[in-house]
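Visitor: Quick one, fold the following:
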Amino acid sequence: MTDDRNGAAPTPAGGDHLPEELDITIARPYKVPDNRKRRIAAWCYVVTAALCGAGAATSGNGGLLAAAIFLALVAAYHFIAAWPLQLDETGALAASAAATGFPVGHASAQLAWRGVRSRPVWRVLLYSADEPPSKRGLVELDAVTGEIIGTYTEDNPEDWSAYGFSAGGSSSAPAP
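Guide: Numbering: from 1, shown residues only. Have a look, this model is predicted:
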């Protein structure tokens, strides 16, 4: 028995229904939100600052004037920190794999921010494709220009013997 809305199990009468975008059982691509969305908040601050400024002008209230100045400064920061995200997660993973110099197996990308203006950067952790991974690397890329900021690779120091692997990559599980 399924629910007519999205194929999920029916909810009890009067019960809550989980929206499709929050349902982890439905596979779909994930898109990292763009930093340009900060401009929406910036415009909200501009409007609020203008209202506070108008209130200060008509009432002579110094608190409203201080609030208008503060909100205008916060809006300015949001505008200058609204970097456009030119490099998505897939592009960051591909560029990082090319930069490490070894065949990549598992990899993970994280979006972070650098500096006072919160410039977005991708930090990508990569492991070599052999089993168990013999190398690992960390690559940092500028998410606005795609430029590689730094690369660090090393032999993987992790001990995999507890999982039935030897240091050379072949299985060392005991024979029956």
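
Visitor: and A112, what element?
Guide: Under the criterion of DSSP states H and E, A112 resides in strand 104-114.

Visitor: which secondary structure elements does that strand contact?
Guide: helix 89-100, strand 119-128 (3 or more CB pairs under 8 Å, 6 or more residues apart in numbering; DSSP states H and E). Every C-beta, even on glycine, is put in place using the N, C-alpha and C of the backbone.

Visitor: Among those, which comes closest to D155?
Guide: The closest of the helices and strands packed on strand 104-114 to D155 is strand 119-128. By CB to CB, the value is 9.5 Å.

Visitor: coming back round to it: so which of the helices and strands packed on strand 104-114 gets nearest A50?
Guide: Each of the helices and strands packed on strand 104-114 has some distance to A50 by CB to CB; the shortest is strand 119-128, at 28.6 Å.

Visitor: So which elements touch that closest one?
Guide: Using 3+ CB pairs under 8 Å, 6+ apart as the contact test, the elements touching strand 119-128 are helix 89-100, strand 104-114, strand 135-142.

Visitor: Poorly predicted segments of the chain, please.
Guide: Applying pLDDT under 70 to the chain flags residues 1-15, 24, 27-30, 160, 165-176.

Visitor: Which helix runs longest in it?
Guide: Secondary structure of the chain per DSSP state H: the longest helix is helix 38-59.

Visitor: E154: which of the helices and strands packed on strand 119-128 is closest?
Guide: Set against E154 and scored by CB to CB, the helices and strands packed on strand 119-128 come closest in strand 135-142, at 6.4 Å.

Visitor: Mind listing residues that contact that closest one?
Guide: Contact with strand 135-142 is made by 87, 92, 95-96, 99-100, 102, 119-128, 147-156, as judged by CB atoms under 8 Å, 6 or more residues apart in numbering.

Visitor: following it, which helix or strand comes up?
Guide: Per DSSP H and E, the first helix or strand lying C-terminal to strand 135-142 is strand 148-155.

Visitor: Partner strands of that next one and their direction?
Guide: strand 135-142 (antiparallel) (DSSP bridges).

Visitor: Can you list the buried residues in the partner strand?
Guide: K135, R136, G137, V139, E140, L141, D142 (16 or more other CB atoms under 10 Å).

Visitor: Which residues does the second one form beta bridges with?
Guide: When bridges are called by DSSP bridges, R136 pairs up with Y127, E154.
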